[in-house]
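Colleague: build the 3D model from these lines:
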Amino acid sequence: MPWFPDFISAAELARRETRAAGQADPVGQYIAALNNGDIRAMETVWPGEMVVYDPRAGEIRGHKQLHRFVSRNQSWLAGRHARIETVAATYAGGRAVVELLGHLAGDGPELAWPVAVVAESPDDRSVVFRTYCSQWPVDGRRHLRPPILRPGAARPGDVVGRYQAALNAGDADAVVGTFAPDGYYREPIGPHLAHRGTAELRSFFTRCFSAGGGIGLQHCAVTDDGVRCAVEFNCLRWGSHDLPPQAGIAVYERGQDGLLAAVRVYDDIEAPIGHP
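Modeller: Modelled structure (predicted):
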């Protein structure tokens, strides 16, 4: 029987189609696995290496470790009657950044927990997930998050670049000037700590810079689709205080006027200004 090098079996074709669908929505595959405790669909899409950088569990590498991690998370999420809402998704350069709002049951009112997940594939068989959030909403404590990425060469431009420069300089008026009149800044702790409009933003950033100046960030990776720009960073300095390098991500959403309609931050940094 002759052998055709371009022949693809039906099973292999189905596997490739499944992988392509998963790569189109890698974070959706990951969240589904966390919810149902089963990574078999992910293993079909990415039979190579799977790596997760999680704020609570650290670095999880390989299918065996991932099985244990997903099983534990499924039990924890089920115990909190978790519901996951997608806030926004940014895709560019082979990377996906998905912002989520977890709704968790507790002793009192339902808890809203902002989480951002970054997914990228170093090749067509492997995937890396990086999760960013504050753990304050779930356990009332700040947790130092060591850097995940090294500083990169990419730098945000336009209004995002102006915001970054003003943040580094500690110039509250310049920061506020990058926002649209009804733009808002949401702190990592949750939607209840959102500062909207010029007066609230000026008050918030004036307090942020009261520790002796601006906030020093190393830019590590930039994912920009033209509407939203997600910047993964390491924070090194807050005012006059040097900090242990800590990882985080901020998503900058542009309005139609080219100014910032929203800034949403996901980190667990203990600011030296008396945050809650």
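
Colleague: quick one, what contacts Val118?
Modeller: Contacts here follow C-beta atoms under 8 Å, 6 or more residues apart in numbering; on that basis Val118 touches 95-97, 129-132, 221, 223, 230, 232, 249. (Each C-beta comes from the backbone N, C-alpha and C, glycine too.)

Colleague: helix/strand/coil for it?
Modeller: Put simply, Val118 is strand when judged by DSSP: H, G, I helix; E, B strand; the rest coil.

Colleague: distance of it from Gly93?
Modeller: From Val118 over to Gly93 the distance is 12 Å, taken as C-beta to C-beta, to the nearest Å.

Colleague: what touches both of those two?
Modeller: Between them, Val118 and Gly93 share these contacting residues under C-beta under 8 Å, 6+ apart: Thr223.

Colleague: dump the contacts of Val118 into TSV; add distance to His195 as well.
Modeller: As requested, the contacts of Val118 are exported to TSV (distance: C-beta to C-beta, whole Å):
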residue	distance to His195
Arg95	28
Ala96	28
Val97	22
Phe129	30
Arg130	26
Thr131	25
Tyr132	20
Ala221	26
Thr223	24
Ala230	20
Glu232	23
Ile249	19
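
Colleague: and which of those residues is nearest Arg72?
Modeller: If you rank the contacts of Val118 by distance to Arg72 using C-beta to C-beta, Thr131 comes first, at 14.4 Å.

Colleague: ok, the closest one - how many residues close by?
Modeller: Using other C-beta atoms under 10 Å, Thr131 has 22 other residues around it.

Colleague: I'd guessed it sits against Ala57; true?
Modeller: No: the pair formed by Thr131 and Ala57 falls short of the contact definition of C-beta atoms under 8 Å, at 9.4 Å.
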